[in-house]
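Undergrad: next input, structure requested:
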Amino acid sequence: MPHENQTLGEFIIENQAAFSYSTGELSRLINSIRLAAKVVNHEVNKAGLVDILGNAGSENIQGEDQKKLDVFANEAFIKALSNREIVCGIASEENEDFISISGKSNTNTNHYVLLIDPLDGSSNIDVNVSVGTIFSIYRRVTPIGTPVTLSDFLQPGHRQVASGYVIYGSSTMLVYTTGHGVNGFTLNPAIGTFYLSHPQIQFPKNGAIYSVNEGNYVHFPQGVKNYIKYCQQEVEDRPYTSRYIGSLVSDIHRNMIKGGIYLYPQTAVSPQGKLRLLYECNPMAFIIEQAGGLATNGQQRILDIEPTALHQRTPFYAGSQKMVADLMQFLG
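TA: Next up, the predicted model:
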């Protein structure tokens, strides 16, 4: 049972026995993510004061301009996890291929691979809106001591052993699950410690917020258009409130606390959808389901999708159970 003023470090140690493989390795990995998050948080908070805003002059594998902070965050997480030799492989949304970490002895006996979106919603940095980091952890499927292969990363989301996000907002929070509920920790910047602030977060069964980029409405599938019209109807419990930040971490975090649905459909321009299955949708879906919500691509549960590529995209609909169920009626 979590107790008052419990730190993230204490919580990790106390709950270590709940992991299927209690070697302490996963605990060290989450601790390393915590440390890297503090480094990135420091840079995000001073971004307006130094020349770290704007584009870095290169594109990532997705063909999007890389923001300077994206590059910084990517390097910070990779460095923190590589130097400690705490994982055997890392895949980042910012890198074309995965990184195999062989260790000083050229063999790596670690069991875990990490997939990461180092700075989600980074286009919001320039206007001081919340951004985040999303991470996903799997046990490798290839033999221990051999280099990791693509198959270690292309695992369905239901095989995740942990996932989480860091939200760099008015306060900085780390929210994560290891399959035993979802807990949120808020950083006390004065002493640099994360404290348990949101134990056992639960999605309200229903909500009154819908989050979608309505600027793309004309390109949405008809079922999604019909659902949006339903959200806007003047009846007893509607219209719902429209809230869209454009940072997946922020939108999901708000809806998880207050109750709501997040929609990112495929469009004529992006027929596969825009969000990345491995770096965004799977880790978020694991958290959402652990908090009692639902996550689907409109056809099947997100966590059941068999990935075929590192940077695969998918439509994404997630949130309060009743709202997702209502949407599915419209999607047929």
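Undergrad: what's the span of stretch 231-239 from first residue to last?
TA: The straight-line separation of the ends of stretch 231-239 (C-alpha to C-alpha, to the nearest Å) is 6 Å.
Undergrad: and the helix or strand containing Val39, how far out from the chain middle?
TA: Using DSSP states H and E, the element containing Val39 is helix 25-45. Offset of helix 25-45 from its chain centre (C-alpha atoms, centre = their mean, to the nearest Å): 14 Å.
Undergrad: buried sites along it?
TA: Buried positions in helix 25-45, judged by neighbour count with 16 or more other C-beta atoms under 10 Å: 25-34, 36-41, 43-44. For every residue, glycine as well, the C-beta is placed using N, CA and C.
Undergrad: gap between the closest residue in space to His253 that isn't next to it in sequence and Pro283?
TA: In space, and not counting its chain neighbours, His253 is closest to Ile167: 5.4 Å by C-beta to C-beta, 6 or more residues apart in numbering. Counting by C-beta to C-beta, to the nearest Å, the gap from Ile167 to Pro283 is 13 Å.
Undergrad: what's the following helix or strand after the worst-scoring helix or strand of the chain on mean pLDDT?
TA: Using mean pLDDT, DSSP states H and E, strand 65-67 stands out as the lowest-scoring helix or strand of the chain, at a mean of 61. Counting by DSSP H and E, the next helix or strand C-terminal to strand 65-67 is helix 68-83.
Undergrad: mind checking how far the helix or strand just after that following helix is from the chain centre?
TA: For helix 68-83, the following helix or strand on the C-terminal side (DSSP H and E) is strand 89-92. On the basis of C-alpha atoms, centre = their mean, strand 89-92 sits 14 Å off its chain's mean C-alpha point.
Undergrad: just give the strands next to strand 89-92 in its sheet, each with its orientation.
TA: strand 99-100 (antiparallel), strand 112-120 (parallel) (DSSP bridges).
Undergrad: can you say which of the ones you listed is nearest to Leu69?
TA: The minimum distance between Leu69 and these falls on strand 112-120, with 5.7 Å, by C-beta to C-beta.
Undergrad: how about the contacts made by Ala73?
TA: Val40, Glu43, Pro118, Leu119, Ser122, Thr133 (C-beta atoms under 8 Å, 6 or more residues apart in numbering).
Undergrad: so for those, which is the shakiest by pLDDT?
TA: Scanning the contacts of Ala73 for pLDDT, the low point is Ser122. It has 80.
Undergrad: report the separation between that residue and Gly223.
TA: The value you get for Ser122 to Gly223, if C-beta to C-beta is used, is 31 Å.
Undergrad: can you list the domains in the protein?
TA: 8-198, 209-331 (automatic domain parsing).
Undergrad: how about the most centrally placed residue in the chain: what's its closest non-neighbour residue?
TA: Per C-alpha atoms, centre = their mean, the C-alpha nearest to the average position across the chain is that of Ile134, at 3.2 Å. Sequence neighbours aside, Asp117 is the residue nearest to Ile134 in space, at 4.3 Å (criterion: C-beta to C-beta, 6+ apart).
Undergrad: okay, now the unreliable bits of the stretch 1-150 of the chain?
TA: For the stretch 1-150 of the chain, the stretches flagged by pLDDT under 70 are 1-4, 19-23, 47-54, 56-57, 62-67, 103-107.
Undergrad: cutoff 90 now
TA: Along the stretch 1-150 of the chain, segments meeting pLDDT under 90 span 1-5, 12-28, 42-72, 80-86, 101-110, 121-130, 144-145.
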